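*Asks:* model the following, please.
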Amino acid sequence: MQETPSGKQVGAGSLSLVLSIITIIYMHFTIKGKKVGEILVDLYHIPVPYYVIGLLLFMIAISIGIRFKTHKFSKVGLVISQLFIGMYLLFFVLGFIQQFFF
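*Replies:* As a prediction, the model looks like this:
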């Protein structure tokens, strides 16, 4: 691990931010009308929906961010992952309410 001028180490915890950014690209960017996650799942013939894999990647980023709190960028990756999972949960609840009550 490498010490930076701010005193925090760049190590395994720094992967939390990298994994969060990769997961955002995986779940939200589109190429010719198809999400990158859908393209990769179809390419490798994975029988799991792409959004389940994306949520698992966010959970992994959260666990890395919690485990290596002292590493540089780990808290940023943790917050981004928690924010996106919170947004997905909010949209799920709002969609559920809309479907059954309106």
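*Asks:* tell me how far the residue positioned nearest the centre of the chain lies from residue 84.
*Replies:* Nearest to the mean C-alpha position of the chain, counting by Cα atoms, centre = their mean, stands residue 58 at 3.2 Å. Distance of residue 58 to residue 84, given as Cβ to Cβ, to the nearest Å: 6 Å. Glycine gets a C-beta too; all of them are placed from N, C-alpha and C.
*Asks:* equivalent analysis for residue 40, please.
*Replies:* Separation of residue 40 from residue 84 (Cβ to Cβ) stands at 18 Å.
*Asks:* any shared contact partners between residue 58 and residue 84?
*Replies:* Shared contacts of residue 58 and residue 84, defined by Cβ atoms under 8 Å, 6 or more residues apart in numbering, comprise 20, 23.
*Asks:* tell me how many other residues surround residue 13.
*Replies:* 24 (other Cβ atoms under 10 Å).
*Asks:* how about it, secondary structure?
*Replies:* Following DSSP: H, G, I helix; E, B strand; the rest coil, the label given to residue 13 is helix.
*Asks:* just the strands in this protein please.
*Replies:* Assigned by DSSP state E, the strands in the chain fall at 2-3, 9-10, 30-31, 34-35.
*Asks:* got these as a markdown table, with mean neighbour count and distance to residue 71 columns?
*Replies:* Converted to a markdown table, the strands of the chain look like this (neighbours: other Cβ atoms under 10 Å; distance: least, Cβ to Cβ, whole Å):
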| stretch | mean neighbour count | distance to residue 71 |
| --- | --- | --- |
| strand 2-3 | 10 | 10 |
| strand 9-10 | 16 | 5 |
| strand 30-31 | 10 | 32 |
| strand 34-35 | 14 | 30 |
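*Asks:* low pLDDT regions in the chain?
*Replies:* Scanning the chain with the threshold set as pLDDT under 70 gives 1-6.
*Asks:* identify the residues contacting the closest residue to residue 27 other than its chain neighbours.
*Replies:* In this structure, residue 27 finds its nearest non-sequential neighbour in residue 54, 4.1 Å apart by Cβ to Cβ, 6 or more residues apart in numbering. Residues near residue 54 by Cβ under 8 Å, 6+ apart: 23, 26, 27, 37.
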